[in-house]
Each structure stands twice: as C-alpha cells, then as structure tokens.
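J.: Give me coordinates for this.
(2 chains)
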Amino acid sequence: QKEVEQNSGPLSVPEGAIASLNCTYSDRVSQSFFWYRQYSGKSPELIMSIYSNGDKEDGRFTAQLNKASQYVSLLIRDSQPSDSATYLCAVNKKGNFNKFYFGSGTKLNVKP
Amino acid sequence: DTEVTQTPKHLVMGMTNKKSLKCEQHMGHRAMYWYKQKAKKPPELMFVYSYEKLSINESVPSRFSPECPNSSLLNLHLHALQPEDSALYLCASSQEVTATGDGYTFGSGTRLTVV
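T.: All right, here's what the predicted structure looks like:
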C-alpha cells in the first residue's frame, strides 16, 4: 500500500469553477500535510500546509484535513488557466519529520 | 533571500565522467535534501542532511555521493552514472529539522542527461 495516494487525473474544470483535489494517506502517525504545485519542467512550489483537522484558507486555496478518515484535500476557487499544473500531496510523520512522502500527483487542466 | 539556488540548470555527461551538482541557500535552514524526479513521477528522496550531518540515505547507489561543506551548501558528486540516472535532480531545504511548519523550499533543479 502506498503511503500517499492521489488520482492521477487529468482533472478538467472550466475557468472560474472550483477544482477539488484529493489525497489519502495510509499511516495514522502522519503529522503534517502539504500541497505542492508543479508546472511541467519546473520544480515543486509549496502552496499550502495543514496540521490540524478542519479547513485552512489562503486566498483562492483551501486545504481540508480529516485525520479520522485519513484524507486531505485542496480546493481551488475561481480556477484560472494558470492553475493548470500537477498538484502533489506530501505528508511527514511524527518522529521522522525530515522524510516527506509524496503522492504521484494529480494533473489539473483549467479550460478557458 | 528566500531561494534555493541550484547549478548547473542543465548537465549532459558521459558514463565515465565525474561531475558535481551544487545547491546553496541563505535562509538559515538547517535541513537540506536531494531528490530525484523522473518524468511524470513524484520526487524520490535520496539524501537528507540535518545540521550538516547525513541523517537519511535512501539506499542510493554509491555512484551518487553527497557532501555538505557548511550549513548553506550541499553538493552531489556524480561518477560512472548510467543512462537511467537521467532525471531532474532537486535540492530542497527546510526551516528546522522537524519541518512541521514550512515544508520544503525547492530549488529550480538540475536537468541531468547521461549519454
């Protein structure tokens, strides 16, 4: 079983819609959760981090964490074509914070 | 300075060559990382340095040799690589060894091609 699972997509949404990206993790000792955006040929860029159950909002982005169900999601409101990228979910674990486990990423296409 | 700088951006090397990748950060981060990323795959952890000491080696072949000369610099020495080692090599750093808050800051990567 993979540590972190994501639907590879592509997820296609029209411009202005809400994009919903999901991620599940297998180990309950997972401590911190991160969403990275990666444009083709570029390095990953940190968008959001979340550690506590509930929602965390930053501009058009909202991260949601549900530790009981072991999932974390990213909502992108008012999606723009510039949001088209691969979104990587990453987690680390208590006692081994340096090691991040990445999901395989979800490719998002926002169509004008 | 909020960047992680990697050089070179592109590298083509033969299987008998020796080359080095360099990474530098001036954010005061005490943990630095090397990742390897193949096309359409997530980054794979190779090495972690915490306070300039190697803390994690993910069973990486000895043809890859990391070095951390000081808290701001991280090198990856390459020798006798194989074509399958061609990939994007990413350096990253984080605020503290625990890294609960900030995640990684990634450099822009070195695109390595082994011929």
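J.: hey, let's count contacts and neighbours off CA atoms from now on
T.: OK.
J.: Need the residue closest to the centroid of chain B.
T.: In chain B, the residue lying closest to the centroid (CA atoms, centre = their mean) is B:Trp34, at 2.8 Å.
J.: give me the beta-bridge partners of it?
T.: Bridge pairing for B:Trp34 (DSSP bridges) gives the partners B:Phe47, B:Cys91.
J.: quick one: contacts for it?
T.: When contacts are counted by CA atoms under 8 Å, 6 or more residues apart in numbering or on different chains, B:Trp34 touches B:45-48, B:76, B:89-92.
J.: Can you check what pLDDT the model gives it?
T.: Looking at B:Trp34, its pLDDT stands at 97.
J.: cool, B:Asp1 as well?
T.: 66.
J.: got it, and A:Tyr51?
T.: Note on A:Tyr51: pLDDT of 89.
J.: Excluding covalently adjacent residues, which one is nearest to it?
T.: Residue nearest to A:Tyr51 in three dimensions, not counting chain neighbours: A:Ser32, with 4.8 Å by CA to CA, 6 or more residues apart in numbering or on different chains.
J.: ok, how many other residues are close to B:Gly107?
T.: When neighbours are defined as other CA atoms under 10 Å in any protein chain shown, B:Gly107 has 23 of them.
J.: picking that back up, quick one: the residue nearest to the centre of chain B from B:Val12, how far?
T.: Between B:Trp34 and B:Val12 the computed distance is 19 Å (CA to CA, to the nearest Å).
J.: quick revisit: return the distance of the residue nearest to the centre of chain B relative to chain A.
T.: Distance, B:Trp34 to chain A, using CA to the nearest CA, to the nearest Å: 11 Å.
J.: does B:Ser62 sit in a helix, a strand or a coil?
T.: Following DSSP: H, G, I helix; E, B strand; the rest coil, B:Ser62 is assigned to coil.
J.: re earlier: count of neighbours near the residue nearest to A:Tyr51?
T.: 22.
J.: what's the spacing between the lowest-mean-pLDDT helix or strand in chain A and its chain's center?
T.: Ranking every helix and strand in chain A by mean pLDDT, DSSP states H and E puts strand A:96-102 at the bottom, with a mean of 81. Between the centre of strand A:96-102 and the centre of its chain there are 15 Å (CA atoms, centre = their mean, to the nearest Å).
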